[in-house]
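1. Just need the structure, nothing else, for what follows:
(2 chains)
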Amino acid sequence: MRYRGMRSDPSPERGEAVPDDKLEVSRRGFLQGAGGAAAGALLIQPDAAAAPKARKSGEQSVTLMVNGESRDVSLEARTTLLDALRIRLEDPLTGTKLVCDRGTCGACTVLLDGDPVCSCLVLAVDAVGHEVTTVEGLAPEGEMNAVQRAMCKHDGMMCGFCTPGITVTLTAFMEAQPAATREEVQAALSGNYCRCGTYPHVFDAALEAGRELQEGK
Amino acid sequence: MERFELEIPTTVTEAVDLLPASWDEDGGREAMPIAGGQDLLTVLKEELYAPERLVHLKGISDFGGIRESGKGLVLGALLKVASVAADPRIRLHWRALAEAAESVASPQIRNQATLGGNLCQRPRCWYFRSSDAPCLKKGGYECYAYGGKNKYNAIFGGGPSYIVHPSDIAPALQLFRASVKTQSGGGSRELAISELYTLPADSDVTRETVLGPDELIESVSLPAPEPGFKTTYVKAQERGSFDFALSAVALGVRAQGGKITECRMVLGSVAPVPWQPERAEQEAIGMKDEPESWAKIAAVAMEGAEPLSENGYKVPLTKGLIEKAFKRLREEDV
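-> Residues are numbered from 1 along each chain as shown, chains lettered A, B, ... in the order given. As a prediction, this is how the structure comes out:
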């Protein structure tokens, strides 16, 4: 384990005060730490003290099943499914959006074996052997599914950046629970952030798509 | 995220062998286990840790599934949080657990996060989560929350670190006196949830559990349901959904003839461990199951709280949540 900017040589017992002669503060380290430190000892060394060892890139070739197609892709163990789709694929699928990269916004939502997941928090190698569905694969080329049609009809977007994630989440949810109430739709969408605040239109779209799915149109 | 090697063993023995046998000066984290990755990948992306190797647990079949054991259940550590929330047996007999699991994060995260990972997730304290803050939790020398911005930090059991344990599921499991079965190079052991977590003052402040560097949670055992013991999980959040708890209460009550005959209570997000106010549980016995008693019991539960500069609100908030939980058990058919 390394912690950036942290001294790596022998340290006093954790929680003990640090003797003054062991305090080493660099300007950069001080500025880095000052934002988080309220008071007291700052003990930060330049990054060189904890320079990481060279790490193998470990590129490997895997096959992902995306939107029903088998796709060969070269990636590292640390490559997320999101990066694999958007950057690593030879013919990339950029409908899935990168926003927070921490699983908090839902813009990167894809279906993994039919369940919505944040593709930024799934290692691409974990998707091997599973069915990945992105927004591009929700309907056949040139067509739209019930949720997509309803999103257009109800103007369920403004800037549109969250729209692919919302559409993917809603497609899985409305197909499983077409009779869902507005409250249930809200709960299903709790992992998708829309900073423009288009939620009322999105909920209207979801309910209409649910009605359409129930009628089997 | 730094590069790492990924090992995917298929047996517990292989997995344990790939993990460090002792906490070395690197904190034993040259290799770390990963399952759902919903917390770990965020920790690695913030570069709080940079393990050389991740040991994936997904291939270990012993760690999956749900099986019945007598009248209880054994839940595999790899079980998805969404599956815990949806299991009809859990919803019927261990309601507080289903409610807690359902309240975790978002649907996307519940679909990928595992039960074991939820129990072992790292704290949310923003100083811990910032790679710019060399805080006590990360092996530094000071808990910045103590004198800093501490709105979300501990009101019980703090010092020298003031994190709160963020799990929703752990308090609910402790309410049901559940236990975890672990596997390590030293063999297997069974720990009550209350023994799994450790206060920062009682052990290495950089860790939240007593698990060793090569120790993995295999499963969680839920004892048989207790007839007449009604349970619920109530959680306060800043947002209406998809948020960690400001404070939470897992409450279980048995009442007969309008009087409380048994009460168990485990508080979440108020202490570095799931916090069980035992005196309040005892005082409740024999009291009438009515609002006046609930307020008294809640007041006892909050005795000894030591708020920091910005989290005093947690005292009345938690008190109110306890009363709300009693009310729900009394008035709703749960």
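2. Per the annotation, how does chain A divide into domains?
-> When chain A is parsed with automatic domain parsing, its domains come out as A:1-54, A:60-137, A:146-215.
3. Low-confidence ranges, chain B, go.
-> Residues of chain B that meet the criterion pLDDT under 70 lie in B:25-28, B:333-334.
4. any chance you could map the strands in it?
-> Counting by DSSP state E, one finds strands in chain B at the ranges B:5-7, B:31-34, B:53-56, B:66-69, B:72-76, B:179-184, B:187-192, B:216-222, B:230-236, B:247-256, B:259-268.
5. for those strands, which one sits closest to chain A?
-> In terms of CB to the nearest CB, the element of the strands of chain B nearest to chain A is strand B:5-7, at 3.8 Å. Any C-beta I mention is one placed from the backbone N, CA and C, and that applies to glycine too.
6. Where do the strands of chain A begin and end?
-> Going by DSSP E, chain A shows strands at A:60-66, A:69-75, A:109-112, A:115-118, A:131-133.
7. ok, residue B:226 - how many residues close by?
-> Using other CB atoms under 10 Å in any protein chain shown, residue B:226 is surrounded by 16 other residues.
8. Kindly provide the distance from it to residue B:69.
-> Noted for residue B:226: a distance of 16 Å to residue B:69, by CB to CB, to the nearest Å.
9. can you check residue A:136 too?
-> 45 Å.
10. can I assume residue B:285 is in contact with residue B:261?
-> Yes. If you go by CB atoms under 8 Å, residue B:285 and residue B:261 touch, sitting 6.6 Å apart.
11. For residue A:95, which residues are in contact?
-> Residues near residue A:95 by CB atoms under 8 Å, 6 or more residues apart in numbering or on different chains: A:134-136, A:164.
12. Run through the residues you listed and flag the ones next to chain B.
-> Here nothing survives when the contacts of residue A:95 are matched to chain B using CB under 8 Å from any CB of the partner chain.
13. Output these as CSV; include the columns distance to residue A:63 and neighbour count.
-> Output for the contacts of residue A:95, formatted as CSV (distance: CB to CB, whole Å; neighbours: other CB atoms under 10 Å in any protein chain shown):
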residue, distance to residue A:63, neighbour count
A:134, 16, 23
A:135, 21, 23
A:136, 18, 15
A:164, 24, 24
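14. Inside helices: which ones of those residues?
-> Of the contacts of residue A:95, the ones assigned to helices by DSSP state H are residue A:164.
15. okay if I get the contacts of residue A:95 as CSV plus pLDDT?
-> As requested, the contacts of residue A:95 are arranged in CSV below (pLDDT from 0 to 100):
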residue, pLDDT
A:134, 98
A:135, 98
A:136, 98
A:164, 98
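16. quick one: the closest residue to residue B:306 other than its chain neighbours from residue B:304, how far?
-> The spatially closest residue to residue B:306, leaving aside those adjacent along the chain, is residue B:155, at 6.3 Å (CB to CB, 6 or more residues apart in numbering or on different chains). To residue B:304, residue B:155 is 9 Å away according to CB to CB.
17. Residue B:276 now?
-> For residue B:276, the distance to residue B:304 (CB to CB) stands at 13 Å.
18. Looking at these two, which has the bigger crowd around it?
-> Remark: of residue B:276 and residue B:304, residue B:276 carries more neighbours, 19 against 11, as counted by other CB under 10 Å.
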